[in-house]
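From the sequence below, what's the structure:
(2 chains)
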Amino acid sequence: MQDLVSGIALGSTYVLLAIGLSMIYGILRIIHVAHAGVYVIGAWAGYLVWRSTGSLLLAVIAGAVAGAVAGVAVLQLVYRPMLDKPRYVPLIASVGVFILVADLMAKPWLLGPNPHQMNVKPPLPALRVGDIGVSGTALFVVLTAALLLVMLWLVFSRTQVGLRWQAIAADRELAGASGIDVNRAVLSNFAFGSALAGAAGVAYAAYTGSVFATMGDVPSYKAFVVVVLGGLGNVWGTVVAGFGLALLETLLIANFGYLLPRDALAFIVLILVLMVRPRGLFGRAVA
Amino acid sequence: MKPTPLIRAAAALALALGLVGCGGDAGSGDDTYTIGLFTPLTGFAAGDGKSSRTAAKLGVDKLNADGGIGGKKLALKVYDDASKPDQAATLVRKMIQQDGVDVVVSGSYSAQTRAAAPIVARADKLMVVGYAVDPSITEAGESIWRVGELASIQGKVGGELVTKNLAAKRVAILQVDNDFGASLVAAFRPYVESKGAQVVYRTKYPLDEKDYRPILSAANKARPDVIYAPGYYNNGADILKQAKELGVTAQIVGVEGYDSPNLIELAGQAADGVIITTELNRDSESDVVQSFITDYEKASGGRPADAVAAEVYDAVIIAGKALDDAGGADTEKLVGALENLDDFSDTTTEITKFDAERNAIRPGLAQVVKNGEFQFYASFDDPAVIEAG
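Here you go, the predicted structure:
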């Protein structure tokens, strides 16, 4: 049971990161590796705000804002000129941006080579039922993720913006021909998705208690596994896949130890799922 | 503006002069001995690299201030191994073949030092190893000596601490999955079992793990009295914080990898109460130790000394003593000097002697974190514990 709770908290950070990636893939069809760079930038901004204010809530907001700004910057400065090129062109650029961010962050005037503690004062009281405990910070992370997911669902299902995103994801040219301002919709989609990545960075940093320059390395590929598992571009499939993977990791390690590296597990699951369901768990058939 | 031929020629000349300058700078002149230190200034272990560099400089300055080595000055060249074994191997080759260093000092981890040791031994140079614990390092050759505490000894010290001082009957082991963790547990586990304690849970975690909750909750289910968790300060800090969060009540015992101000910085209040086996006794009454602690803090801009710093400092002091006693940099004489060395009064980690396998012997030491500071907890004198075998 304790492991279930831990898995859900960890899963919340996976989902927040992966869902932004899924949204961006859905609308632009770009393998956006730099999303993990946005995540690190969000964590860094959140860390700075937490250090000066002591508030985790403000830190998450700062992380989301920094994430949105960084994401939009990548879109406008890097991807925009490449949108008509073959898909591997923005992919290569994306990998470059990610490496650049990680290396810059390791400079002493940003995060530097050493990890920094981010032992936040839990913003909520810890819960303890019998043997099962959940810290206030973990609770906060889960609730933040839940709140953001509800927000996202509302935007998707109840607003014009969400409708435009869905239209573009279904068929970008047709959407453009129907009078949708594709550029603006892509921009808002990118900003929202990147804000989620920034918030995810802060949430993960608070959950593990530290921030460091290379914290995006593992998420840079793990988020993809989650997205592909959930069915490329299927946002709600991503939610299920993110929680599922975190729970699986946690339960396997708790019961069997590290039979294989934690991060290899993601790929093994991916391979197994793709062998049975090439479209991912919840992917729609491509016409 | 395109560079004119004149500017190009001037640039080429400047470059050439610069290169010649570098060449002349390297290696030992007639009036200087050079120590080559390899240590991780970048990569995951960069914090320990900085401690090592500061401590080595302090050691060299101390030896020079005391009159140098037989009338000659001692110089230090620092090399960044980037926390990578292949890099360490390349660097020691460069030190010996190109830069002509007289003595190599390791301020690096077991994996890096293990890669360097055979190369240094084959080139017939003396290497004094700071804090790398893997037993096989000194097996590379007669010219490889170690200041740090052998893992096979520190594991036994940990076992004595756990079974005697803490009177534990049930022990869980969470070990970092590398040379460091494996070599410590290889000594710890048989020792505690021989003292009647039971290992109720054991797992290895990867070096870069951030989420220890699953293994902590699994360990906790086995109801241990003590959790022995060899690893480094970043592992230790996360383990301590997450154990507290999960309500784990077992005493957590760490190792010298925890011995860093970073542990306390990262773990905050959760660090209080952790007991570790280590080499630097901060409460020592020795003037040498106390002035090292003061000088180090000054040299590092306020960062307190740690075990890594003390061991690298001692490695430099011992290298200096060997050069002094041997009256030159001839490796055979240096080894002879170390074999006869019996005065360790100016070292900071209470070395009493070198054993036949060229490893330093000292009383075992445990420290506890109280109110955000490392303090004395216990020491161990039993030769069965603190000597190899």
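
who's in contact with stretch A:46-61?
With contacts defined as Cβ atoms under 8 Å, 6 or more residues apart in numbering or on different chains, stretch A:46-61 is touched by A:62-63, A:66, A:111, A:116, A:118, A:120-121, A:123, A:137, A:140, A:144, A:198-199, A:201-203, A:205-206, A:211. Placement of C-beta: from N, CA and C, glycine included.

is it true that B:Lys50 touches B:Leu41?
Yes: if you go by Cβ atoms under 8 Å, B:Lys50 and B:Leu41 touch, sitting 6.8 Å apart.

In strands, which of the contacts of stretch A:46-61 fall?
Using DSSP state E, the members of the contacts of stretch A:46-61 that fall in strands are A:116, A:211.

Just the buried ones from the contacts of stretch A:46-61, in ChimeraX syntax?
Typed into ChimeraX, the line below selects the buried ones among the contacts of stretch A:46-61, using 16 or more other Cβ atoms under 10 Å in any protein chain shown:
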select /A:62,63,66,111,116,118,120,123,137,140,144,198,199,201,202,203,205,206,211
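
restrict the contacts of stretch A:46-61 to those near chain B?
Filtering the contacts of stretch A:46-61 for proximity to chain B (criterion: Cβ under 8 Å from any Cβ of the partner chain) leaves A:Thr137.

Which ones among the contacts of stretch A:46-61 lie within helices?
If you go by DSSP state H, the contacts of stretch A:46-61 have A:62-63, A:66, A:137, A:140, A:144, A:198-199, A:201-203, A:205-206 in helices.

Need the three-state assignment for the residue most central in space within chain B.
Residue closest to the mean C-alpha point of chain B, counted by Cα atoms, centre = their mean, is B:Tyr131 at 2.0 Å. The three-state label given to B:Tyr131 by DSSP: H, G, I helix; E, B strand; the rest coil is coil.

Relative to B:Pro118, how far out is it?
B:Tyr131 sits at a distance of 19 Å from B:Pro118 (criterion: Cβ to Cβ, to the nearest Å).

what does chain B put close to chain A?
Residues of chain B lying near chain A by Cβ under 8 Å from any Cβ: B:42-43, B:46-47, B:177, B:203-206, B:208-211, B:213-215, B:217-218, B:234, B:237-238, B:241, B:245-247, B:262, B:265-268, B:270.

Tell me the helices and strands packed up against the worst-scoring helix or strand of chain A on mean pLDDT.
Lowest on mean pLDDT, DSSP states H and E among the helices and strands of chain A sits strand A:132-134, with a mean of 79. When contacts are defined as 3 or more Cβ pairs under 8 Å, 6 or more residues apart in numbering or on different chains; DSSP states H and E, strand A:132-134 packs onto helix A:2-28, strand A:127-129.

Pairing partners for that strand, with directions?
Next to strand A:132-134 in the sheet, as set by DSSP bridges, lie strand A:127-129 (antiparallel).

residues in contact with B:Gly71?
For B:Gly71, the contacting residues are B:Asp31, by Cβ under 8 Å, 6+ apart.

any idea how far chain A is from it?
B:Gly71 sits at a distance of 40 Å from chain A (criterion: Cβ to the nearest Cβ, to the nearest Å).

Could you tell me the model confidence score at that residue?
As predicted, B:Gly71 sits at a pLDDT of 88.

I'd like to know which of the residues of chain B next to chain A are part of strands.
By the criterion of DSSP E, membership of the residues of chain B next to chain A in strands covers B:203-205.

Buried residues in stretch B:177-191, which are they?
Neighbour counts using 16+ other Cβ under 10 Å place B:177-185, B:187-189, B:191 of stretch B:177-191 among the buried residues.

sorry, back to before: what distance do you get for the residue nearest to the centre of chain B to chain A?
Distance of B:Tyr131 to chain A, given as Cβ to the nearest Cβ: 18 Å.

which residues in the chain form helices?
Chain wasn't specified; assuming chain A. Under DSSP H, chain A gives helices at A:2-28, A:35-53, A:56-74, A:88-105, A:136-158, A:160-170, A:172-177, A:182-208, A:217-229, A:235-256, A:262-276.

Chain B, not that one
So, for chain B - with DSSP H - the helices run B:5-25, B:46-65, B:85-97, B:110-122, B:151-160, B:179-194, B:213-221, B:233-245, B:261-267, B:287-299, B:307-326, B:331-339, B:383-386.

In JSON lines: the ones you listed, plus mean pLDDT.
Shown next, in JSON lines, are these (pLDDT from 0 to 100):
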{"stretch": "helix B:5-25", "mean pLDDT": "45"}
{"stretch": "helix B:46-65", "mean pLDDT": "93"}
{"stretch": "helix B:85-97", "mean pLDDT": "95"}
{"stretch": "helix B:110-122", "mean pLDDT": "95"}
{"stretch": "helix B:151-160", "mean pLDDT": "94"}
{"stretch": "helix B:179-194", "mean pLDDT": "94"}
{"stretch": "helix B:213-221", "mean pLDDT": "93"}
{"stretch": "helix B:233-245", "mean pLDDT": "93"}
{"stretch": "helix B:261-267", "mean pLDDT": "90"}
{"stretch": "helix B:287-299", "mean pLDDT": "95"}
{"stretch": "helix B:307-326", "mean pLDDT": "96"}
{"stretch": "helix B:331-339", "mean pLDDT": "95"}
{"stretch": "helix B:383-386", "mean pLDDT": "88"}
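
For those helices, give me TSV that also has distance to A:Tyr14.
What follows is the helices of chain B, written out as TSV (distance: least, Cβ to Cβ, whole Å):
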stretch	distance to A:Tyr14
helix B:5-25	50
helix B:46-65	28
helix B:85-97	32
helix B:110-122	31
helix B:151-160	36
helix B:179-194	27
helix B:213-221	14
helix B:233-245	18
helix B:261-267	23
helix B:287-299	42
helix B:307-326	35
helix B:331-339	54
helix B:383-386	46
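
any low-confidence regions in chain A?
For chain A, applying pLDDT under 70 flags the ranges A:284-287.

Near chain B, which residues of it? Just list them.
With Cβ under 8 Å from any Cβ as the criterion, chain A meets chain B at residues A:2-3, A:6, A:10, A:106, A:113-115, A:117, A:119, A:126, A:128, A:133, A:135, A:137-138, A:207-210, A:218, A:249-251, A:253-255, A:257-258, A:261-262.

Mind giving me the ChimeraX command for buried ones among the residues you listed?
Here is the ChimeraX selection string for the buried members of the residues of chain A next to chain B, based on 16+ other Cβ under 10 Å:
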select /A:2,3,6,10,106,113,114,115,117,119,133,135,137,138,207,208,209,210,249,250,253,254,257,258,262
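
ok, the closest residue to B:Gly47 other than its chain neighbours - contacts?
Closest residue to B:Gly47 apart from its sequence neighbours, by Cβ to Cβ, 6 or more residues apart in numbering or on different chains: A:Asn114 at 5.0 Å. Applying Cβ under 8 Å, 6+ apart, one finds that A:Asn114 lies in contact with A:212, B:46-47, B:262.

cool, and B:Ala322?
For B:Ala322, the contact set (Cβ under 8 Å, 6+ apart) comprises B:103, B:126, B:128, B:334, B:337-338, B:341.

and if we set it to 7 Å?
The contact partners of B:Ala322, by Cβ atoms under 7 Å, 6 or more residues apart in numbering or on different chains, come to B:126, B:334, B:337-338.
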